[in-house]
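1. Pasting the sequence and the predicted coordinates here, then a few questions.
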Amino acid sequence: MLFVPFCGYISGEMRKKVAACLAVIALLGQPVTSRPRESQQSLDRRVEALLSQMTVEEKVGQLNQLFYFTKFMKPEMVEPGIREGKIGSLLFLTDPVLINRFQKVAVENSRLKIPLLFGFDVIHGFRTIFPVPLAMASSWDPALVEQVQGVAASEARAVGVHWTFAPMIDIARDPRWGRIVEGAGEDPFLGSRMAAAQVRGFQGPDPASPGHVLACMKHFAGYGAGSGGRDYDSAYIPDAELYNVYLPPFKAAVDAGVGSAMSAYMDLNDVPATGNAFLLRDVLRRQWGFKGFVVSDANAVGNLVTHGFAEDKSDAAYRALTAGVDLEMSIPTDPIANAYATSLAKLVQEGRVTKAQLDEAVRRILEAKFKLGLFDNPYVDESRVASIHNNPEHRRLARVAAQRSMVLLRNEGNLLPLVKGDSKISSVAVIGPLADSKRDIRGSWSFVDDVNSAVTVLEGIRAKVGTSVKVEYAAGVDIGRVYPSMFDIMTGPRPKPWSEPQQRAEFEKAVSFARSSDVVILVLGEHEEMSGEAASKSTIELPGQQLELLKTISGLGKPVVLVLINGRPLEISRAASNISTILEAWHPGTEGGNAVADILYGDATPGGKLPLTWPRSSAQIPIYYAHNITQEPETKKGFTSRYWDIPSSPLYPFGYGLSYTTFSFSNLRVSKPELRVGESTEVLVDVENTGRRAGDEVAQLYIHQRYGSASRPVRELKGFERITLAPGQKRTVRFTLGKAELTYWSAAVKGWVQEPAVFDVWAGADATASLTTTFRVVGAK
Ligand code: NOJ
C-alpha cells in the first residue's frame with residue numbers, strides 16, 4: 001500500500017504543494033510501503049521466545065536507559081555495557097554515525113543481539129524548528145499540529161531516533177511555570193485535541209512506518225500543578241480536578257494509540273508520580289487499558305530517595321517497578337542514577353521483586369522494539385539524512401505553522417497590516433533585544449537545528465520590504481538574567497551582560513532610530529531558555545530593562561507595533577494601554593522572522609487564539625476561565641472585583657485573538673432542546689466574515705451545567721473549529737454534544753456521571769462569547 005506522508009490539512013494551495021512534494025520525496029527516497037502489521041499473537045510468540053533465553057541481568061539491561069551526551073562522553077563509556085546487554089536504550093544521541101556504531105555493538109556483538117532503542121526530545125521540530133507547542137496550540141488547528149509533528153518525526157527518524165519524549169500534555173494554569181511553553185495551555189478540551197493530534201503526527205499509522213517515531217506522553221501526571229509555579233514542586237490536586245482537568249489529555253493520547261508514557265518528577269498528593277501505583281496502574285492500565293510502556297523521567301527513580309519516599313536506591317527501584325515504571329532513564333554520571341541497574345537483579349534474587357514483575361516490564365520494552373521493526377531493520381541509512389533534512393517543504397510548513405499560531409492581541413486604529421510600497425512608510429526602526437536573535441526565535445528544546453539558519457524578525461522584515469525602505473535596528477537593552485540555565489551546557493552560555501556605558505549607548509541608539517523612523521517594530525519578550533524546564537519565574541514581568549524601553553519608545557508619538565517573542569504570557573498591561581498594536585508571535589521557530597513579516601505586511605492574516613487566560617499581572621495567578629461560580633458571580637449586578645486593587649477579569653480571555661477582518665456569530669440553535677441522558681444534540685451557529693479581507697475565525701462552543709451533584713465551571717470549552725471565510729461569506733458550523741462532552745467526574749459521587757440538568761450553551765470567538773441558548777437533559781427512560 002502506498003503511504004504518502006503528511007498529505008495534510010494546511011489550507012488550500014499550500015497543502016497541495018506540500019503534500020505533492022512530500023509524496024515525490026517519499027517515492028524517490030525511501031521505502032514507501034509500511035510493513036504489514038504483525039499479529040499480536042505472532043508478536044507475543046517472538047517476545048516470549050526471546051524472554052525465555054534471557055538471564056536476569058540481561059532483562060535488567062533492557063530496563064536501563066542512559067543519556068549519552070556527545071559533547072562530553074566517549075563511546076568507550078557505553079560500548080562495554082551495550083555488548084554485555086546491560087543497556088537497553090540511549091537518549092540524546094542524534095549523530096547517525098554514532099547511532100549505527102552503538103547499534104552494531106548491540107545487534108552484532110551482544111549475546112542476544114537485541115537492538116537499542118534511541119530516544120530524543122523532539123518537542124517542536126528537529127532540524128527544522130516549528131513554533132513551540134504553546135504556539136502550536138494557539139493555532140487551534142489539530143490537523144496542522146499533526147502535520148508538523150509528522151515532519152519533526154521524519155527528521156528525527158532520519159538520523160536513527162526511534163522515539164520522542166513528546167507530546168508534553170500537562171495542563172498548566174500558572175504561567176510562572178516555565179514548562180507552560182511545552183504544552184497546550186490551560187484547557188483540557190483543547191489540550192486533548194492537541195495531544196491526540198501530536199500522537200497521530202509522530203506515530204503516523206504505525207510508529208514503524210517510514211519517517212515516524214514512537215510517541216511518549218508526558219509527564220504523567222499533574223506536573224503542571226506544581227506549587228507556586230515552581231518547577232518540580234509538589235502538586236496537590238483533588239480527584240475531581242485530576243479527572244476533569246489534568247488527566248483528559250493523557251486519556252486522549254492513550255485513545256490515539258500513544259506507545260509510551262513518562263512518569264512525572266513531582267509528588268502528586270504526597271506520592272511521587274514515579275512511585276505512584278494509583279496513577280500508573282489504576283488509572284493508566286486498569287481504567288484506560290494502556291498497553292505501551294512507561295519510562296521514568298531522568299533520574300526520577302533514584303530521586304524517590306531524595307523525595308523522602310524510598311529508603312534507599314534499592315527500595316526506589318522496588319517502588320518504581322512495582323508501581324509501574326518499566327524503563328529507568330538515568331543520567332549516568334549522577335550518584336542517584338541507575339537504580340534498576342544496580343538493584344533489580346538482587347531484588348529478584350531476594351524475592352522482593354518477582355520474576356513475573358520483572359518479565360512484565362521487559363516484555364513491554366521488547367514488544368516496543370519489535371513493533372518499531374528494530375529487529376528487522378536496526379540501522380539508519382546515513383546517506384539519506386541530508387536530503388530529508390534539507391527538504392524545503394519542511395521550512396515552508398514551518399512558516400505556515402508560525403503564521404497560523406500567532407495571535408493578534410491589539411490592532412486599534414488598524415495600523416496592521418502595513419502596506420508594502422506605502423509611500424508614508426519609508427523607514428522602519430526594528431528595536432528590541434529579541435529583534436535579531438536567532439537563538440531566541442526558536443524556543444527551548446532546540447538542540448539539533450542549525451541556529452544560523454533561523455530567520456529573525458529583523459531579517460524577515462528586511463527580506464519583505466527590500467531596499468526601498470530604510471530598516472534600522474538597535475537592541476536597545478540587554479535582557480540579562482539572574483541565574484544561569486541548566487541548558488547552557490548544551491547551547492553555550494549567553495554573552496556577557498553589557499557594561500553601563502554600552503547600555504546607555506544602545507538605549508540612546510534605539511530611541512534615536514525610533515524617533516527618526518515612520519514606524520517602530522518593537523520586539524520584546526524572553527530568552528528561549530527563560531521558559532522550558534527549570535525555568536520558572538516568580539513573576540511574569542518583562543525581564544530586564546525592557547519595560548523602560550517600552551515606556552520610552554511608546555512615548556515618542558510614533559506608530560509602534562509590539563511583537564512579543566516568549567513562551568508564556570507576560571505582564572503587558574502598560575503596553576496594552578500605551579501601544580495600540582500588539583502581536584503575540586511566541587517562539588515561532590526557524591521561519592519565525594519571515595512569518596512575523598508575513599503577518600505584519602498582510603501576506604498572512606492572523607487567526608491564532610490564546611490557549612490560556614492572559615493575566616493583567618502576576619498577582620492574578622492562577623487565573624483560568626473555567627472556574628466555578630462563587631456566590632458573588634462576575635455577572636451579578638454591582639459586582640466589582642475579587643480583589644480590592646485590580647479587576648478580576650484577565651487582560652485577554654481564553655480563546656481570544658483578532659484578525660484583519662471581522663466576524664459575526666448568529667443563529668445559535670440546538671437540534672434537540674431536550675434530550676435524554678446518553679443522547680446527543682447538534683449545536684449549530686452561523687459565522688460570517690463581515691469585513692473586507694479573507695480570514696480565519698475559530699468558532700468556539702462553551703457549555704455550563706446549571707446544577708448537579710457538584711458545581712460545574714462557569715464555562716467549559718466543548719467544541720471548536722478554525723474556518724476560513726472570504727469577505728461576506730457565511731458558514732454554519734456544527735458541533736455535537738453527547739455523552740462524552742456532558743459527563744464529568746463528580747466529587748460527590750466519586751465517579752463519572754452524566755446528570756439531568758439544564759445546560760447553557762455559548763458560541764463565539766472566545767470564552768466571553770455572548771450568543772447563548774439552552775437545552776435540557778432529562779433522565780434516561
Ligand atoms: C527531563 C524532562 O523533564 C523530560 O521532559 C525530558 O524528556 C527528559 N529530561 C529527557 O530529556
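-> On my side now, so go ahead.

2. can we go C-alpha only for contacts and neighbour counts from here?
-> Will do.

3. Against the ligand, how distant is D239?
-> Note on D239: its distance to the ligand, by C-alpha to the nearest ligand atom, to the nearest Å, is 24 Å.

4. Test my guess that that residue contacts V749.
-> No - counting by C-alpha atoms under 8 Å, D239 sits too far from V749 to count as a contact (11.4 Å).

5. quick one: which of those two has more around it?
-> D239 (16 against 10; other C-alpha atoms under 10 Å).

6. got a list of what that one touches?
-> A747 (C-alpha atoms under 8 Å, 6 or more residues apart in numbering).

7. where's it relative to G532, distance?
-> For D239, the distance to G532 equals 27 Å [C-alpha to C-alpha, to the nearest Å].

8. ok, now R722?
-> 28 Å.

9. buried ones in stretch 530-540?
-> 530-537, 539-540 (16 or more other C-alpha atoms under 10 Å).

10. Redo those residues as TSV? Include pLDDT and distance to the ligand.
-> What follows is the buried residues of stretch 530-540, written out as TSV (pLDDT from 0 to 100; distance: C-alpha to the nearest ligand atom, whole Å):
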residue	pLDDT	distance to the ligand
M530	95	15
S531	96	13
G532	96	9
E533	96	6
A534	95	9
A535	95	12
S536	96	13
K537	95	17
T539	96	22
I540	97	22
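
11. which one among the residues you listed gets closest to S89?
-> E533 (22.5 Å; C-alpha to C-alpha).

12. Excluding covalently adjacent residues, which one is nearest to that closest one?
-> R179 (5.5 Å; C-alpha to C-alpha, 6 or more residues apart in numbering).

13. dump the residue contacts of that neighbour.
-> 224, 231, 531-536.

14. now it, what's its secondary structure?
-> helix (DSSP: H, G, I helix; E, B strand; the rest coil).

15. now it: how far from M530?
-> Distance of R179 to M530, given as C-alpha to C-alpha: 10 Å.

16. Show me the common contact partners of the two, please.
-> Common neighbours of R179 and M530 (C-alpha under 8 Å, 6+ apart) are S536.

17. Name all residues that make contact with L771.
-> L771 makes contact with 665-666, 668, 762-764 under the criterion C-alpha under 8 Å, 6+ apart.

18. And E350, by the same measure?
-> Here E350 is in contact with no residues (criterion: C-alpha under 8 Å, 6+ apart).

19. Quick check on it: phi, psi?
-> Main-chain torsions, E350, degrees, to the nearest 10: phi -80, psi -10.

20. Next: G719.
-> Taking degrees, to the nearest 10 as the convention, G719 sits at phi -180, psi 150.

21. and it, what are its bridge partners?
-> G719 has these beta-bridge partners by DSSP bridges: L701.

22. Confirm for me that it is in contact with I703.
-> No - judged on C-alpha under 8 Å, G719 makes no contact with I703 at a distance of 9.4 Å.

23. ok, these two, which is more surrounded?
-> I703 (24 against 20).

24. Now name the helix or strand holding the residue lying closest to that one once chain neighbours are set aside.
-> Counting by C-alpha to C-alpha, 6+ apart, V761 is the residue found nearest to I703 once chain neighbours are left out, at 4.5 Å. Assigned by DSSP states H and E, V761 belongs to strand 757-764.

25. Name the strands paired with that strand and say parallel or antiparallel.
-> Strand pairing for strand 757-764, determined by DSSP bridges: strand 695-705 (antiparallel), strand 771-778 (antiparallel).

26. Is it possible to get the ones you listed out as TSV so that each row also shows mean pLDDT and distance to the ligand?
-> Putting these into TSV (pLDDT from 0 to 100; distance: least, C-alpha to the nearest ligand atom, whole Å) gives the following:
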stretch	mean pLDDT	distance to the ligand
strand 695-705	98	30
strand 771-778	98	40
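
27. K464: what's it in contact with?
-> So K464 contacts 594, 597-598 (C-alpha under 8 Å, 6+ apart).

28. Pull out the buried residues from these.
-> Here, 16+ other C-alpha under 10 Å leaves 594, 597-598 buried among the contacts of K464.

29. Same list (those residues) but as a markdown table, adding secondary structure, pLDDT and distance to I623.
-> Putting these into a markdown table (DSSP: H, G, I helix; E, B strand; the rest coil; pLDDT from 0 to 100; distance: C-alpha to C-alpha, whole Å) gives the following:
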| residue | secondary structure | pLDDT | distance to I623 |
| --- | --- | --- | --- |
| N594 | helix | 98 | 33 |
| A597 | helix | 98 | 32 |
| D598 | helix | 98 | 32 |
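
30. ok, which of these also contact the ligand?
-> Among the buried ones among the contacts of K464, no residue lies close to the ligand (C-alpha under 6 Å from any ligand atom).

31. Stretch 494-514: which residues count as buried?
-> 503, 506-511, 513-514.

32. Need the contact partners of that stretch.
-> Stretch 494-514 has contacts (C-alpha under 8 Å, 6+ apart) with 428-432, 472-478, 480, 488, 520, 549, 552-553, 556, 558.

33. If we use 7 Å, what do you get?
-> 429, 431, 472, 474-478, 480, 520, 553 (C-alpha atoms under 7 Å, 6 or more residues apart in numbering).

34. How about stretch 86-99?
-> Counting by C-alpha under 7 Å, 6+ apart, 58, 61-70, 81, 116-120, 159-161, 380, 382 sit against stretch 86-99.

35. Of those residues, grab the buried ones for PyMOL.
-> Typed into PyMOL, the line below selects the buried ones among the contacts of stretch 86-99, using 16+ other C-alpha under 10 Å:
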select buried, resi 58+61+62+63+64+65+66+67+68+81+116+117+118+119+120+159+160+161+380
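
36. L374 - that's part of a helix, no?
-> No - applying three-state DSSP, one finds L374 to be coil, outside a helix.

37. can you pull out the strands in the stretch 401-550 of the chain?
-> Counting by DSSP state E, counting those that start in this stretch, the segments of the stretch 401-550 of the chain that form strands are 407-411, 427-431, 470-474, 519-525.

38. what do you get for the stretch 651-781 of the chain?
-> Using DSSP E, counting those that start in this stretch, strands in the stretch 651-781 of the chain cover 663-670, 674-676, 681-689, 695-705, 716-725, 730-737, 744-746, 751-753, 757-764, 771-778.

39. What is the second one packed up against?
-> When contacts are defined as 3 or more C-alpha pairs under 7 Å, 6 or more residues apart in numbering; DSSP states H and E, strand 674-676 packs onto strand 771-778.
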